[in-house]
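Q: model the structure of this input:
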Amino acid sequence: MDKNQQVLVDLLSAAIRDRKPELSFTRKIDWEVIFGEAQAHQVEALIYPVLQKLDKDQILNKDLLDRWKHVTLVKSYQQIQHLDRIGEVLQAFNNENIPVIALKGLVLRDFYLFPELRTMCDADLLIHKKDLAIAKTVLFDMGYTATTEPNPKHIGFNHKFYPLIEIHWTLVDPGTVISSATLEDSIWQNTKPVPISGVQALSLSNEDQLLSLLLHMANHFIFSGFGLRNLCDLVELIENKNIHINWDYFLLKSKECNIEKFTLAIFLCCKKLFQINFPDLFDFHIIENDPYLNELQQDIFLSKDSTTNKIALDLAGGQLRTVNRGKNNKIQSKYKFLFSFLFPKPQKLEFKFQYAHKYPILYPIACFHRLFIGRKYWRNTSFSEKIHLLKEAELIAQQRSQLLQWLNLY
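A: Numbers count the residues shown, from 1 in each chain. Have a look, this model is predicted:
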């Protein structure tokens, strides 16, 4: 973690606790870089209020402060509109007797001092799969259209004027080493009512909420990565509900979901970055000096770094999904990487290209579709850029494959 990243973490820590920032570095702070990183992690609005509490020698220039304020006001207004629309969707579901569990930001935002500053790019709702057909009809009638991207755990719904809504029927992608099956057997029985924009919905129990967040993070980590906003959500949830969480139940379920080590590592990152306290039953000593912990922390910052990194991460994720997995598996050469990425086994293709598994004759078409149609950014890059991205992805895949193995996610 470099100086600017440390300042960003210090600002976030102050923002989620409503206190004056205790910046580790008071000289030569590159506020433009910090603003860019905050935007990449989607926490710039969250940070803005604490900028007013900075000492005179720490204050950023007026032009940047005005831009930061403008972005914050726009995003907060968008969030208010977003929540009003979600209230209408929930009311429509209630009218059709469709039970709905609100996930992630829809519930967690209320833990923040200024909920409208905890931004959301979409809204995640969990329903029973048997209610999916009715839910589709409701959304279609409200002007939404289903995305054309097939997915084994959710369907996205776009609207001309409103943000994306994702309707889930399961919490994780099938085929990964993590599992939500045992959790999903009980979450509907453990729900509690929660008002969202004045409309009654359901929320997960404290333990299940925490587990679902970690499953979401683990799922994203396997395929691309996650950023600081996810850690902020964890910190807010734990600090607000610590004494009300059944930690023994939580630990049992984390083992059943195969995220026990991942959970320990993420909690330790939260402890180091945000000085959060955890119950004594978490034995951090077994990993706190492991070099992979620093790699995990670096990965969290890398995943939201730049457009090029995001593309390389996506390519690396695609490569990691297509090579054979095993305890001692490593990517041994650039040729193996290139071949496995260009021509994966049909059963290891991403979900939307798995028609080649069912119809082997379509395998060449699926490979072409995956490379030149399925990835928009790939179509718009030159040959030399493609080679550069593949090389960068190879390096990331080598590093992340070992990190994923260490976390027992691969």
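
Q: residue nearest the centroid of this structure?
A: residue 226 (4.6 Å; C-alpha atoms, centre = their mean).

Q: that one belongs to a strand?
A: No - counting by DSSP: H, G, I helix; E, B strand; the rest coil, residue 226 is not found in a strand; it is coil.

Q: doesn't residue 220 make contact with it?
A: Yes - counting by C-beta atoms under 8 Å, residue 226 does reach residue 220; the two are 4.5 Å apart. Glycine gets a C-beta too; all of them are placed from N, C-alpha and C.

Q: need the contact list for residue 90.
A: 100, 102, 125, 196, 197, 199, 200, 201 (C-beta atoms under 8 Å, 6 or more residues apart in numbering).

Q: closest to residue 77 out of these?
A: residue 197 (15.0 Å; C-beta to C-beta).

Q: doesn't residue 80 make contact with that closest one?
A: No - using C-beta under 8 Å, residue 197 makes no contact with residue 80, being 9.4 Å away.

Q: the more surrounded of those two?
A: residue 197 (17 against 13; other C-beta atoms under 10 Å).

Q: tell me the contacts of that one?
A: Counting by C-beta under 8 Å, 6+ apart, the residues that residue 197 touches are 83, 84, 86, 87, 88, 90.

Q: among the residues you listed, who's most crowded?
A: residue 90 (24 neighbours).

Q: average pLDDT for the helix or strand that contains it?
A: Using DSSP states H and E, residue 90 sits within helix 62-95. What helix 62-95 shows for mean pLDDT is 94.

Q: show me what the helix or strand following that helix is packed against.
A: Using DSSP H and E, the helix or strand that follows helix 62-95 in sequence is strand 101-102. If contacts are counted by 3 or more C-beta pairs under 8 Å, 6 or more residues apart in numbering; DSSP states H and E, strand 101-102 sits against strand 122-126, strand 199-203.

Q: okay, those in JSON lines with mean neighbour count next?
A: Below are the helices and strands packed on strand 101-102 laid out as JSON lines (neighbours: other C-beta atoms under 10 Å):
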{"stretch": "strand 122-126", "mean neighbour count": "22"}
{"stretch": "strand 199-203", "mean neighbour count": "19"}
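
Q: mind checking which of the ones you listed is nearest residue 19?
A: strand 199-203 (27.6 Å).

Q: and residue 97, how many neighbours?
A: 8.

Q: what of residue 2?
A: Count around residue 2 with other C-beta under 10 Å applied: 11.

Q: pLDDT of whichever helix or strand residue 262 is part of, averaged?
A: Following DSSP H and E, one finds residue 262 within helix 260-274. Averaging pLDDT along helix 260-274 yields 95.

Q: hmm, who's touching that helix?
A: 9, 12-13, 16, 178, 214, 217-218, 221, 231, 234-235, 238, 251, 254, 276-278, 282-284, 286-288, 292-293, 296-297, 300, 406-409.

Q: which strand residues bridge residue 199?
A: Note on residue 199: beta-bridge partners by DSSP bridges are residue 196.

Q: rewinding a little: for residue 289, see how far away the residue nearest to the centre of the chain is.
A: 24 Å (C-beta to C-beta, to the nearest Å).

Q: cool, residue 400 as well?
A: For residue 400, the distance to residue 289 - C-beta to C-beta - is 21 Å.

Q: output the helices and strands packed on strand 101-102 as CSV; include the columns mean pLDDT.
A: Shown next, in CSV, are those (pLDDT from 0 to 100):
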stretch, mean pLDDT
strand 122-126, 94
strand 199-203, 96
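
Q: distance to residue 73 for those strands - can I get that in a markdown table?
A: What follows is the helices and strands packed on strand 101-102, written out as a markdown table (distance: least, C-beta to C-beta, whole Å):
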| stretch | distance to residue 73 |
| --- | --- |
| strand 122-126 | 21 |
| strand 199-203 | 26 |
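
Q: between those, which gets nearest to residue 174?
A: strand 122-126 (15.8 Å).

Q: hang on, residue 104 packs against residue 215?
A: No - Residue 104 is beyond contact range of residue 215, at 11.0 Å (criterion: C-beta under 8 Å).

Q: what about the two, which has more around it?
A: Higher neighbour count among residue 104 and residue 215: residue 215, with 25 against 20, using other C-beta under 10 Å.

Q: where does the more buried one fall, secondary structure wise?
A: Using DSSP H and E, residue 215 falls in helix 206-223.

Q: tally up the residues packed near the nearest residue to residue 410 once chain neighbours are set aside, please.
A: Distances taken as C-beta to C-beta, 6 or more residues apart in numbering place residue 404 nearest to residue 410, at 3.4 Å, with adjacent residues excluded. Other residues within reach of residue 404, judged by other C-beta under 10 Å, total 20.

Q: over to the one 3 residues further on?
A: The criterion is other C-beta under 10 Å. On that basis, residue 407 has 23 neighbouring residues.

Q: now it: how far from residue 225?
A: For residue 407, the distance to residue 225 - C-beta to C-beta - is 12 Å.
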